[in-house]
Structures are given as C-alpha cells and as structure tokens.
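**Student:** Turn this into a structure:
(chains A and B)
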2 protein chains.
Amino acid sequence: MSELDEELVNTVTELIQNNRITSATDRLKSLHPSDIADIITQLPASQSWRVLERLPERAEVFAYFEPEQQIRLATELPRLSLARLMNEMSADERTDLFKRFSRGVRESLLQALALDEQEDIRILASHMEGTAGAIMTTELVILRKAMTVARAMAMLRKEAPEAETIYHAYVVDLNRKLIGVVSLRELLIADPEARIADLMISEVVSAKVTDKQEEIARTIARYDLLALPITDDEGTLLGIVTYDDAMDVVNEEVEDDFHKSAGMGTVTGSFKEASIYLLYRKRVFWLVFLVFGNLFSSAGIAHFEDIIASNLVLVFFLPLLVGSGGNAGSQSSTLMVRAIATGDVEVKDWLQLIGRETLVALALGGTMGAAVASLGYWRGGSEIAIVVCLSMVSIVLVGCLVGLSLPFVLDRLGFDPAGASAPLVTSICDATGVVLYLFIASQLLVGVGAGT
Amino acid sequence: MSELDEELVNTVTELIQNNRITSATDRLKSLHPSDIADIITQLPASQSWRVLERLPERAEVFAYFEPEQQIRLATELPRLSLARLMNEMSADERTDLFKRFSRGVRESLLQALALDEQEDIRILASHMEGTAGAIMTTELVILRKAMTVARAMAMLRKEAPEAETIYHAYVVDLNRKLIGVVSLRELLIADPEARIADLMISEVVSAKVTDKQEEIARTIARYDLLALPITDDEGTLLGIVTYDDAMDVVNEEVEDDFHKSAGMGTVTGSFKEASIYLLYRKRVFWLVFLVFGNLFSSAGIAHFEDIIASNLVLVFFLPLLVGSGGNAGSQSSTLMVRAIATGDVEVKDWLQLIGRETLVALALGGTMGAAVASLGYWRGGSEIAIVVCLSMVSIVLVGCLVGLSLPFVLDRLGFDPAGASAPLVTSICDATGVVLYLFIASQLLVGVGAGT
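**Tutor:** Numbering: from 1, shown residues only, chains lettered A, B, ... in the order given. As a prediction, the model looks like this:
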C-alpha cells in the first residue's frame, strides 16, 4: 500500500465511524479492490455491507475477502442480496464460496440465482477438491477457426466485461474439442480479413480437468502462461485456470510444506492473528508423538547402561554425535521433499539417488568424523577417538539414507512426502544414532577393557 | 509436456543425431520455446547453436535456457553471432545474461550491440542485485492522457512486437512521471474517440526501483497484477516487472528458504543432476559448524558429570527432553521465518508475540510434561517424575522463545531470518536443554539424596 493510500485509509475509516457512508464510499472508489477489501473487513459485518453494496465493483472487492470473512458477511445478508452479489462474481470465485456454505443455505441460494449461474455452479462444484476443475473458470472466449480476425475482435469486445481474460482466446471444433489458441496481441497486429485458422497456434499447452492443482501451477510457471486451458479426457474444452489462481495455489502449498517441515499442521491465515488455542492444536500432536518416538533413544540407552556406567566419557559425546545424524538427515529429507514437490525427482529415481547420497554422506561423515576424533582423543585417548570417529561416519551415513528414503516411502504409501519433517527425521536418526554409537563403543571398548 | 510433444522430442533428437538439422528445426518449430530449450540444451554446445540459429524465435528459446547453459553456449559463439542473438532478446533477459559475463567479454560485446541495446544494458545493469531495478524491463508502452483511444490502439499495435506486455499501457506526464494506467481490455471496449485521461485509473499501484524483489512479488500477488510499474523516488516511470518474473523470484526465494531451513546453502538447479562435490560443499559448512555448536551440550554434560554418575537413570531421559525442546523451537522459528518472509510480521511485533508464545509454550510444555512424568515415575519414582516434568516445561518454554526470537535477532542484525534454521535452533535448544535438565536434577535430587 503506498503512502497516499494509507492516508486515504485513515480518512475513510473515520468517515464510516461517523456514519457518513456516502462520503466514505466515494473516497473508497479510487482505491484498488484489494485495499478496499482490507478496509471493509475491519468493520462489523452489518456496517461493511452498507459500504460494500454502494460500490459498483462490490463483487470484485468481495472476492478479495479472506474465506472466513466472506462466510461471516454472507451469513449476515438477506438471501436475495447475497444472490445478487453472487450473480456478479466470477464463476470460479462464486463456486468456491458456494461450496463453503451449509447444505440448507446452498439450496435456498440456488433458487435465488440466475439460471446460467445455477448451471455454472452445478458443473464447477462437481469437481474434486485439489484438481484443476476446482479452480478453473468457465468464463472464457471461444472462437472458430473459420472466423476472420475482425469477427474475432468483435467477439472479444462483446465478452470483455464477463470473461476472466480476453488476452487469450481458444479455438474449438464442432465437438468443442480444443484445437488452437490465439493471443489478443497477435489479433491486434493481424490483417482484419485473415482467418483464425492461419493465426492460431495449434500445439496448445493444456491440462486435464482431473490433474492436480500443483501440476497446473507448475505448467503455468514453466511456459509463462497467462491462462492454461483445461479439457476432459476427450480433449473437450471445459475452462481455463488463470496465472493468479495458480500463484495462490503455489503460495498455499509452500506454507503447507514449510509448516509440515517443522512437524506441525498448516497454520492458515495470519500467524500474527492466530489464537493461542489454534497454535496449540496445530503443534501439540507431533510434539507429543515425538516424545514417545524419542523413547526408542531412551530404550537404546537403557540397553547399553553398563557400557555407559563404565565409560562415563561416552555421555559427553552423546548429544554431539546423535545431533549430527539428525542434522545431516534433515538436510537430505529437505532436498528430497523439495525435489519431489517441484517434480524434479520421481519414485523411480530412488535407487540412482541412493548411490550418490551414500558417497556424499561418506564425504560429510568423514569430514565430521575427523573433527570429532581430535576431540575424542583429547577427552578420552585413542580408543575413544576411534569410537567417536567411526560412530560419526556411520551415524551420518544412516541419517542421510533415512532422510533421503523417508519422503519416497511416504509418497509410495500415498502420504504427502512433506510429512518427512525435520523433527521426525531427527527423532529416527537420534534413536539409530544412540544404538549405533553405544554398540560400536561396546564392541571396541570391551575389547580394550579386557586387554588391560 | 503432453504425450504428443514427447513423441516429437524423440523424433527430433534422432534427426539431430543423424545430422539432418533442417528437418529437425522444422519439427521443432511447432513446439513451445520452453520445450525447444529443453531439447536443445541436451545437445553439445556446437550442435545446439546450429539448430538454434535456424529458429525464428531463437532469442525466446535461448531465454528459457538455465543460466549456466546460456553461459556455456554464449562462450562458444563468435562474438558477432552472440551480439545478434542478444539484440533479439528482451531488455531484462539480455541484461541478466550480460551481467554474468566476465569484464573482457562485456566490453567487446557492448561494441557489437546496437546503440539502443547498449543504452538499455547500461541503465539496467546499474541496478543492485535483488532490487526491482535488476528484474524490470524497459520495453513497455507509454501513452499520454490527451491521446484518443484510437491513437493509443495504433501505438499498441506498433509496439506489440517489441513490448514485454501490451495488455497494460502506462500514462506519463511531460516529465515522464507516472500518472495513470489503462488496460487493453478497457481500450478495446471504449469509444475510439474517448480520451485516455477519462479512461485511465489514476491511483496506480507502483513500486520503487530500489524496492526488494520479494516486496515486488508480494505486491503483484496481492493485487493480481500482470505487471507492476517501477518508478524512481520522484515518481518517474523507469520500467515494469511482469508477473512471470515475479513468480520466478518467489520460486527461487522459496527454494532458498527451504534449503536454509535445513541448515545448508541453496542448491540451485536440479537436485537430481547435482554433483557429489556440489552437494558436499553446500552441506558441509553447517554440519561441521554444528558439531562444534553441540560441544556446548557436551560441556554441560561434563559440568554435571557427578549428578549423572550418581543418578544414571537421568541419561535415559536425556535425548527425549533435549529433543523436545529442539522440536518445539523449530516449530516456532519456522512459523516466525515464514511470517517475516510473507510480510505478516515485522520486528515491532516481537514483544506482542513473545507474550502469546509464552502461553502457547506453557500449554505445550504442560501437555508434554504430563506425558513424560508418568514415564519418569515408572522408571525412577516420584522424584524423577518431578524432575523430568519440570525440566520438560522449562525446556519447551526456552525452546519456543529461542525459536521465536532468533529470526528477529538475525533480521535486526541484517542477516536473512531464514538463517534461523531448524538445525541451528535445535543445537541451541539442545545445549540449554542439557543445562536446564541437569541443573534442575542437581537441585532437586541432591536435596532428596541428602534426606535419605
């Protein structure tokens, strides 16, 4: 928000508080719908509608509300005002909102909506969450290949107020099969008498209605598209997904993966505004789960209690060795989770990657083992140096292989690979690290002990 | 890539291998530049230029090359062919490439470039890395407010082949100050005799040339813009940043933050293709650094060696308690790093957040403490139960506060908050956890011990 806008925000908020609604709306009109939405959602629901209904672009402003705020306002509105507002929204926004209502509200709403909009909602709402169908819109411009450029331009002009984008138009055959795409840029510089057939690009980048949204977002980014046409299995054009909806998908997915990487549920919305209970609820499950997970480490320690009792110096190196395995492992899992999420790596690549990771892990473990060996020599002599060095190499190796494999295993089992969070990998590496370290110590130090 | 494309890819690769370059180029022409780039970059540099130079959209294809591949091909080319290729590139792509060359190559190149392009490069290359200036392009359509719509449309037609986008045009006054924006959509439906002044939106969302790229990307996503105009401090229009370049910035930043979150350098490019040495180099620094960081944990243990020796059961709970602090802390730091990265939270919010985090941490610590107290009772009786429960609560509390504060501290010191990686937070929490646990144990157990 620019400084000019911020001044305006203050003025407008004051006007509304003084009940000078018309003056407030007049001031708001010059702002971007996104900023208007920001201001309006800070008002009580009853007041916000009084301002919103006076704005000509109210549907666009409303589309910038957060989902919870949309519901909050919608449930306050008389059914007919809500239906009028929804008639003005774009098909995909409208369907998203519609799907969030309870069954009762949905049915009474459908009757109040215009026939065309009813039909749109029925079609769009039938698509699975997370698929292209659930974020596409049906408001696009469709051309025929026999049309002239002049005729196509006339159609674009007519559709401009309704269509989601007019910067690309899609060409279909008699069966509504997608056969080409043409940009407004090309139409603009073409001879008005030219035929669309000679202008259109017939190798259209498109996606299936059942494709995952992440897939859609990747394709849009890869080809720098403004919109991606969506077809059914037979190639019939059903709708388009625009780049801004794809950006939203990417942002949500990224937040989700970040929160998962730290072993917690996704905290949607503002972290600053999140309630104590929400934060507790999203975080507590994994923390308690991992407490019990860490019992495996404890069990390992209990098993080797004798060797610890007779070589207390071993405890000194315990956090250091065990922590290193976890650190190396969470590096591997993060690299892997991202590579799977961006489509860089697939399950079939696993074997090939294991080989390379083994070599990387040996190099890392070797370097860290050398560092820790000198400490071991200083604290406990050459036997301890050998024990901690050997332990470091094997702990880092196992940590890396666990970190690399866990995302694959989760993916294979149908879970989200991002579930291979740093805390989970760390806990697994901790337990194996404890056992490896104390096992190596018991093998080497008992031998030395027997000799003395 | 659709299935049809994949068939084509195989055919084309075969043709090139059989040296039938013309047939290969003919086949390639129907593909998307991004796919053509994929195929060409798999060929040896000498061969790839033979194909590339025959393609009419060679500059666009070349722009889809990865940076390293651009350099690889550019250094193989005769200086004049390179200059010709660069003349055809868009201003921002050309400048990015230019900045990657050595000083010698740059100077000989500048002389071979057309005058206009030399000027563009000089201006664009002068902007700091990471700012809006470094990703903006100067190829945009500029209108005057006195123009008619018909005149503006004629200008758009003329600029269409060169401009980065013609879907938005920017209106400037006589001093080249940005005073408005108008979309092609609006121009298309407007009366041809109307004036731009009556059509344009004068509250233009814009950004400064020195603004950070992340800021630019956030603004573009927030307002669903196709392009964001960039001005200097006086409001003079300098260029635009388009949504696809903003998307690239977001994607790079996300990869960067993910890799940092696991305590390593950013692995750019494909993880699948990364060399062993690259992976070793990006990962080893933090791992070795953390080995020495974990020495603080070891020092804590050494300090309390006596209490461990007399209560060996304490070792049993060591990994569990210490691990929990690290887990809770990395949750906090991840939430915080993301909230700072998305602009949700600023440094001034720190105090307010500390209060809430303390309550969340006490709730989490309490739950985990209850879980671990029962284990403590079972393994070592009521004194141990009290020690582990109290330790859990204080370790989780300290962990959460460290995790929450570290990103702020780093941000304040001018470092990237994403440096507050899970391994770093875990290591700090480990060391404080060890000391807290053993200190609490030494206070409570010595008392009990003295009583018996």
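**Student:** Output the set of residues of the stretch 51-200 of chain A in proximity to chain B.
**Tutor:** Within the stretch 51-200 of chain A, the positions adjacent to chain B are A:153, A:156-157, A:160-161, A:166-167, A:184-185, A:188-189 by Cβ under 8 Å from any Cβ of the partner chain. Placement of C-beta: from N, CA and C, glycine included.
**Student:** Can you tell me which of those residues are buried?
**Tutor:** A:153, A:156, A:160, A:166-167, A:184-185, A:188 (16 or more other Cβ atoms under 10 Å in any protein chain shown).
**Student:** I'd like to know which of those residues are part of helices.
**Tutor:** Using DSSP state H, A:153, A:156, A:184-185, A:188 are the members of these that sit in helices.
**Student:** got these as JSON lines, with pLDDT columns?
**Tutor:** Converted to JSON lines, these look like this (pLDDT from 0 to 100):
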{"residue": "A:Met153", "pLDDT": "93"}
{"residue": "A:Leu156", "pLDDT": "91"}
{"residue": "A:Leu184", "pLDDT": "92"}
{"residue": "A:Arg185", "pLDDT": "90"}
{"residue": "A:Leu188", "pLDDT": "90"}
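**Student:** Look up how far A:Ser46 lies from A:Leu82.
**Tutor:** Distance, A:Leu82 to A:Ser46, using Cβ to Cβ, to the nearest Å: 14 Å.
**Student:** the more surrounded of those two?
**Tutor:** A:Leu82 (22 against 10; other Cβ atoms under 10 Å in any protein chain shown).
**Student:** Wasn't the more buried one part of a helix?
**Tutor:** Yes - applying DSSP: H, G, I helix; E, B strand; the rest coil, one finds A:Leu82 inside a helix.
**Student:** Now do the contacts for it.
**Tutor:** A:74, A:109, A:112 (Cβ atoms under 8 Å, 6 or more residues apart in numbering or on different chains).
**Student:** try it again with 10 Å
**Tutor:** Counting by Cβ atoms under 10 Å, 6 or more residues apart in numbering or on different chains, A:Leu82 touches A:49, A:73-76, A:97, A:101, A:105, A:108-109, A:112-113.
**Student:** picking that back up, and the furthest pair within the residues of the stretch 51-200 of chain A next to chain B?
**Tutor:** Spatial extent of those (Cβ to Cβ) is set by the pair A:Pro161 and A:Ile189 at 24.0 Å.
**Student:** Go ahead and measure how far the helix or strand bottoming out on mean pLDDT in chain A is from the middle of the chain.
**Tutor:** Sorted by mean pLDDT, DSSP states H and E, the helices and strands of chain A end with helix A:3-17, the least confident at a mean of 70. Taking Cα atoms, centre = their mean, to the nearest Å, the mean C-alpha location of helix A:3-17 is offset from the chain mean by 34 Å.
**Student:** buried set for the next helix or strand after that helix?
**Tutor:** Counting by DSSP states H and E, the element after helix A:3-17 in chain order, helix or strand, is helix A:21-28. Buried residues in helix A:21-28, counted by 16+ other Cβ under 10 Å: A:24-25, A:27-28.
**Student:** residue ranges with poor pLDDT in chain A?
**Tutor:** In the prediction, chain A carries residues with pLDDT under 70 at positions A:1-6, A:446-452.
**Student:** Walk me through the domains of it.
**Tutor:** Domain assignment for chain A, taken from automatic domain parsing, gives A:3-129, A:142-249, A:294-451.
**Student:** In which helix or strand does A:Ile240 reside?
**Tutor:** Assigned by DSSP H and E, A:Ile240 belongs to strand A:237-242.
**Student:** could you point out which element follows that strand?
**Tutor:** helix A:243-261.
**Student:** For that following helix, buried residues please.
**Tutor:** By neighbour count with 16+ other Cβ under 10 Å, helix A:243-261 contains the buried residues A:243-247, A:249-251, A:253-261.
**Student:** Give me the subset of the residues you listed that also touch chain B.
**Tutor:** When contact is defined as Cβ under 10 Å from any Cβ of the partner chain, the buried residues of helix A:243-261 meet chain B at A:243-247, A:250-251, A:253-255, A:257-261.
**Student:** Nearest to chain B, out of those residues: which one, please.
**Tutor:** For these, the residue nearest chain B by Cβ to the nearest Cβ is A:Asp244; the value is 4.2 Å.
**Student:** and that closest one, how far is that from B:Thr426?
**Tutor:** A:Asp244 is 38 Å from B:Thr426, where distance means Cβ to Cβ.
**Student:** Please apply the same query to A:Glu273.
**Tutor:** Counting by Cβ to Cβ - A:Glu273 and B:Thr426 are separated by 28 Å.
**Student:** swap in A:Ile179?
**Tutor:** A:Ile179 is 56 Å from B:Thr426, by Cβ to Cβ.
**Student:** Tell me which of those two has more neighbours.
**Tutor:** B:Thr426 (32 against 18).
**Student:** Confirm for me that that one is in contact with A:Pro423.
**Tutor:** Yes - counting by Cβ atoms under 10 Å, B:Thr426 sits close enough to A:Pro423 to count as a contact (8.7 Å).
**Student:** related to what we said a few turns ago, out of the contacts of A:Leu82, who's nearest chain B?
**Tutor:** Closest to chain B, out of all of the contacts of A:Leu82 and judged by Cβ to the nearest Cβ, is A:Leu97, at 17.1 Å.
**Student:** Can you give me every residue that contacts the closest one?
**Tutor:** Going by Cβ under 10 Å, 6+ apart, A:Leu97 touches A:62-63, A:65, A:67, A:70-71, A:74, A:82, A:85-86, A:89, A:109, A:121.
**Student:** residue ranges for the helices of the stretch 201-350 of chain A, please.
**Tutor:** Ranges of helices within the stretch 201-350 of chain A are A:213-222, A:243-261, A:276-293, A:295-303, A:305-310, A:313-341, A:350-412, based on DSSP state H, counting those that start in this stretch.
**Student:** by how many degrees do the first one and helix A:313-341 diverge?
**Tutor:** Right, the one you point to is helix A:213-222. 70 degrees (axes from the mean of the first three to the mean of the last three Cα atoms, to 10 degrees).
**Student:** now for helix A:213-222, which elements pack on it?
**Tutor:** Under the contact criterion of 3 or more Cβ pairs under 10 Å, 6 or more residues apart in numbering or on different chains; DSSP states H and E, helix A:213-222 touches helix A:132-135, strand A:207-208, strand A:227-231, strand A:237-242, helix A:243-261, helix B:33-40, helix B:243-261.
**Student:** 8 Å instead, please
**Tutor:** Secondary-structure packing of helix A:213-222 (3 or more Cβ pairs under 8 Å, 6 or more residues apart in numbering or on different chains; DSSP states H and E): helix A:132-135, strand A:207-208, strand A:227-231, helix A:243-261, helix B:243-261.
**Student:** same for the last one, what does it pack against?
**Tutor:** Just to be clear, that refers to helix B:243-261. Contacts defined by 3+ Cβ pairs under 8 Å, 6+ apart place helix B:243-261 against helix A:213-222, helix A:243-261, helix A:313-341, helix B:213-222, helix B:313-341.
**Student:** between those, which one is nearest to B:Thr41?
**Tutor:** Among the helices and strands packed on helix B:243-261, helix A:213-222 comes nearest to B:Thr41, with 14.2 Å by Cβ to Cβ.
**Student:** Enumerate the positions of that closest one that are buried.
**Tutor:** Buried-residue list, helix A:213-222, by 16+ other Cβ under 10 Å: A:213-214, A:216-222.
**Student:** Can you check what angle separates that helix from strand A:227-231?
**Tutor:** Going by the same axes, to 10 degrees, helix A:213-222 makes 140 degrees with strand A:227-231.
**Student:** Show me what helix A:213-222 is in contact with.
**Tutor:** Outside helix A:213-222, the residues within contact range by Cβ under 8 Å, 6+ apart are A:130-132, A:134-135, A:205, A:207, A:225, A:228, A:230, A:241, A:243, A:246-247, A:249-250, A:253, A:341-343, B:34, B:244, B:247-248, B:251.
**Student:** I'd like the distance from that helix to the chain centre, please.
**Tutor:** Mean-position distance between helix A:213-222 and its chain equals 12 Å (Cα atoms, centre = their mean).
**Student:** what angle do it and helix B:33-40 make?
**Tutor:** Going by the same axes, to 10 degrees, helix A:213-222 makes 80 degrees with helix B:33-40.
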